[in-house]
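Engineer: I'd like to go over a predicted model; first the sequence, then the structure.
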Amino acid sequence: MPELTRTPAWPPAATPEPSAVVKPRGARRSRPAGRRRLRAASLTTLVVLGAAGMLFPFLWVLITSLQPDGSGITAPSLLPTAVSGDGYRRLFHAVPFTRVAVNSLWLALTSTAIQLITSSMAAYAFSRLRFRGRGLVFGCYLATMMIPLQVLIVPLFAEMKTLNLVDTYVAVLAPTLASGFGVFLLRQAMDAVPRELDEAARLDGAGHLRIFTSVVLPLVRPALATFSVFAFMASWNSFLWPLVIIRSPEFMTLPLALANLQGQFSTQWNVTMAGSVLGTLPIMILYLFTQKYVVQSVAQSGLK
């Protein structure tokens, strides 16, 4: 039988050009990978340097508080010749530290709780309720963030004097009953909550109060924790308003007590820095408990 011959396919397969040959994967990405490692190392170095710069004041305060009596009067040094707790012992004799710390802690916790309640309720109203002039009122809230406290000192003091509230805890708490920043922060967080959850809750017979407490607030806990840290720090470190409104030593707060440690001609820096170290502990403890929520809130803000 005659042999069968195969006809070649038409058109014939094109031979790849030398330039079209695919290069190995490792050779193609070797330079970008090196650049990424260099960029990561540079960013890590910058972060480490920035962290060191931020921690330097705290390190200086801690070392100065542990220096012996009299060594802190001269220029501060990061290499103490000796370590002593005399500054902490003298602190409790120089000022009623326990009393002023309790005053500051009570005022900070009360102010933070009040601001969380008022700011969250106002934020819910701006986020979920529809009423005429809502944008104008919210703009007025934002405008209060641009007014410094120094401008309001005189009218606030005149108001407290008219109400016979000078030298009272109520006068110290009065300017912190509401926060424009808190309303803005919580409103942005509540706007991210799906409104379908509100509609589902209404189908079950829930009103605005039930939706606010059971649906919206649990979903904005990171924003609440973040605002609580800011509100607590603002109240704990408040100096100007308590200085103007407080007269009695039993109502004195921690910043005022630390300011009284500075003498007219000389200052025992080890005692002053010991008070500063103890004064930062409540804020550090609060942040340790709320760190997870603060990071989550920042991450959610970055994703929006």
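Structural biologist: Okay, I see it.
Engineer: quick one: contacts for residue 178?
Structural biologist: Contact partners of residue 178, counting by Cβ atoms under 8 Å, 6 or more residues apart in numbering, are 115, 118, 119, 122. The C-beta positions use only the backbone N, C-alpha and C, and glycine is treated the same way.
Engineer: which helix or strand lies directly C-terminal to whatever helix or strand residue 199 lives in?
Structural biologist: Per DSSP states H and E: residue 199 is located in helix 196-203. Under the assignment DSSP H and E, the closest C-terminal helix or strand after helix 196-203 is helix 208-211.
Engineer: how far does whichever helix or strand comes after that next one sit from its chain's centre?
Structural biologist: The helix or strand immediately downstream of helix 208-211 is helix 217-219, counting by DSSP H and E. In terms of Cα atoms, centre = their mean, to the nearest Å, the centre of helix 217-219 is found 19 Å from the chain centre.
Engineer: run through who's touching helix 217-219.
Structural biologist: Here helix 217-219 has contacts from 120, 193, 197, 224, using Cβ under 8 Å, 6+ apart.
Engineer: name the member of those with the most neighbours.
Structural biologist: residue 120 (24 neighbours; other Cβ atoms under 10 Å).
Engineer: residues touching that residue, list them.
Structural biologist: Counting by Cβ under 8 Å, 6+ apart, residue 120 has contacts 182, 186, 212, 217, 220, 224.
Engineer: those residues: which two are farthest apart?
Structural biologist: 182 and 212 (15.5 Å; Cβ to Cβ).
Engineer: who has more neighbours, the two?
Structural biologist: Shown here are residue 182 and residue 212; by other Cβ under 10 Å, residue 182 has more neighbours (25 against 19).
Engineer: could I get the contacting residues of that one?
Structural biologist: 115, 116, 118, 119, 120, 123, 227, 230, 231.
Engineer: for the closest residue to residue 221 other than its chain neighbours, pull up the helix or strand it's in.
Structural biologist: What sits nearest to residue 221 in space, not counting adjacent residues and going by Cβ to Cβ, 6 or more residues apart in numbering, is residue 293, at 6.0 Å. Using DSSP H and E, residue 293 maps to helix 269-303.
Engineer: elements contacting that helix?
Structural biologist: helix 30-65, helix 86-94, helix 97-128, helix 180-191, helix 221-236, helix 254-260 (3 or more Cβ pairs under 8 Å, 6 or more residues apart in numbering; DSSP states H and E).
Engineer: ok, now with 6 Å
Structural biologist: helix 30-65, helix 86-94, helix 221-236 (3 or more Cβ pairs under 6 Å, 6 or more residues apart in numbering; DSSP states H and E).
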